[in-house]
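**Q** Okay, structure incoming, though there's no sequence with it:
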């Protein structure tokens with residue numbers, strides 16, 4: 001089962017305030033990101049969040065958190081493969097937060113680039129992978145995939161990218 005987390009923001013129209021956006025979130029570890037509570041509030045009343053989770057129990061738990069936070073009306077929740085959900089999206093997003101299964105990180109980059117507006121942010125968690133990305137010859141498929149993702153993100157001409165060494169590493173890429 002693919003357990004993925006991605007959140008994207010999308011402004012509903014050019015005349016809306018800058019903070020009004022739509023978000024897509026893929027993931028399973030509900031407590032891993034404070035964004036689950038704050039992102040829906042940050043997008044404003046007209047903004048939207050798309051949240052995906054590969055585990056129906058986590059999705060229902062997240063739905064309860066969203067309701068308690070008073071932001072459930074701004075969130076569309078999908079259970080299933082977040083890569084499929086993202087590939088079905090036609091709009092451009094302002095922010096995409098990525099925390100998919102690590103083996104899928106390289107695929108995410110290919111899907112995100114055409115769906116992120118110019119000036120949008122692509123944020124990815126776990127890019128330092130507890131320091132395993134510094135190993136000379138990593139054996140884990142997840143570590144190899146994160147290394148490939150990091151190299152491809154830095155090489156992508158359409159992004160200005162940096163890695164913040166907080167927690168397990170956070171890549172922040174601004175689309176040119």
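**A** Yep, that arrived. As the structure is a computational prediction, the values presented were derived from the model and not from experiment.

**Q** switch to C-alpha atoms for all contacts and neighbour counts from now on
**A** Will do.

**Q** Residue 171 versus the most centrally placed residue in the chain, what's the distance?
**A** The C-alpha lying nearest the average C-alpha coordinate of the chain belongs to residue 97 (Cα atoms, centre = their mean; 2.1 Å). Look at residue 97 and residue 171: by Cα to Cα, to the nearest Å, they are 10 Å apart.

**Q** now residue 58
**A** Separation of residue 58 from residue 171 (Cα to Cα) stands at 25 Å.

**Q** wait, residue 51 sits on residue 78?
**A** Yes: counting by Cα atoms under 8 Å, residue 51 touches residue 78, with 6.1 Å between them.

**Q** Those two - which one has more neighbours?
**A** For residue 51 versus residue 78, neighbours defined as other Cα atoms under 10 Å are more numerous around residue 51 (27 against 19).

**Q** That one in helix, strand or coil?
**A** Classification of residue 51 by DSSP: H, G, I helix; E, B strand; the rest coil places it in strand.

**Q** ok, now which ones touch the closest residue to residue 175 other than its chain neighbours?
**A** With Cα to Cα, 6 or more residues apart in numbering as the criterion, residue 175 has its nearest non-adjacent residue at 4.4 Å, and that residue is residue 159. Shown in contact with residue 159 (Cα atoms under 8 Å, 6 or more residues apart in numbering): 153, 173, 174, 175, 176.
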